[in-house]
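Colleague: Need a 3D model of the sequence below.
(chains A and B)
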Amino acid sequence: GAGVSQSPSNKVTEKGKDVELRCDPISGHTALYWYRQRLGQGLEFLIYFQGNSAPDKSGLPSDRFSAERTGESVSTLTIQRTQQEDSAVYLCASSLVGTGTKETQYFGPGTRLLVL
Amino acid sequence: AQSVAQPEDQVNVAEGNPLTVKCTYSVSGNPYLFWYVQYPNRGLQFLLKYITGDNLVKGSYGFEAEFNKSQTSFHLKKPSALVSDSALYFCAVRDRDNFNKFYFGSGTKLNVKP
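Modeller: Numbers count the residues shown, from 1 in each chain, chains lettered A, B, ... in the order given. A predicted model of the protein is given here:
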């Protein structure tokens, strides 16, 4: 089956504009994660969705960042009033939740965001 | 607090030589441990994981990792490096008592020279 997909693959925007990034998880995966990866750096956790539970938003860097997910399907990450320091690759991952082989995260290719 | 440490930003090794990429972790409970690889301009790919059982875990592309509970380590190894192994490697831990976040290390760039 298809893996995790993200769109757009690249996004160039002007400082102050809003952007919306999309993630389509693997069908049936109840857990969905957003990460940010600045150039040459590690992964920075942003937000986690698990089924219908309240999302874990503890990694969102500011109130300009928000994310939504409807049920166990598509998620959107929105960045309002973008700043140059928001430039990064935004990675989405999904997984099942359980024991044994179900914990592996599968990553999408990422959205490369450049704020001018 | 949960954390993962990869003490080396970069590892250089000659093709054909063994390689080790180090990872240590700190979690309150028993961990699930993972290694991921990221090739240039591509997303992260799962390499291997430790859930339970044998401390030596074998994964994709000939990689293996050894879980050492006393040293809280999960070093990635390969007996004979290939130039094509050159990539960015991330160690990650998931707390069994908290099925929420994965905690990722900062990554280690592996350079394999011909």
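
Colleague: Per-residue confidence, residue 70, what does it come out as?
Modeller: You didn't pick a chain, so chain A it is. At A:T70, the model reports a pLDDT of 84.

Colleague: right idea, wrong chain: chain B
Modeller: So, for B:S70, pLDDT stands at 91.

Colleague: Let me know the helix or strand that it is in.
Modeller: For B:S70, there is no helix or strand it lies in under DSSP states H and E.

Colleague: Report the separation between it and B:G53.
Modeller: 17 Å (Cβ to Cβ, to the nearest Å). Where C-beta positions appear, they are placed from N, C-alpha and C, glycine not excepted.

Colleague: And those two? Which one has more around it.
Modeller: Neighbour count, other Cβ atoms under 10 Å in any protein chain shown: between B:S70 and B:G53, B:G53 has more, with 8 against 5.

Colleague: Quick check: phi and psi at the nearest residue to B:V21 once chain neighbours are set aside.
Modeller: Nearest non-adjacent residue to B:V21, counting by Cβ to Cβ, 6 or more residues apart in numbering or on different chains: B:L76, 4.3 Å away. For B:L76, the backbone dihedrals (degrees, to the nearest 10) come out as phi -90, psi 140.

Colleague: just the residues of chain A that are near chain B, which are they?
Modeller: Selection of chain A residues close to chain B by Cβ under 8 Å from any Cβ of the partner chain yields A:4, A:31, A:33, A:35, A:41-43, A:45, A:48, A:50, A:56, A:59, A:91, A:93, A:97, A:99-101, A:103-110.

Colleague: Contacts only, for residue 103.
Modeller: No chain in the question, so chain A it is. Contacts for A:E103 (Cβ atoms under 8 Å, 6 or more residues apart in numbering or on different chains) come out as A:S95, A:L96, A:V97, B:Y32, B:K49, B:I51, B:R94, B:F99.

Colleague: my question was about chain B
Modeller: B:Y103 neighbours (Cβ under 8 Å, 6+ apart): A:F45, B:Q2, B:S3, B:V4, B:Y25, B:V27, B:A92, B:V93, B:R94, B:D95.
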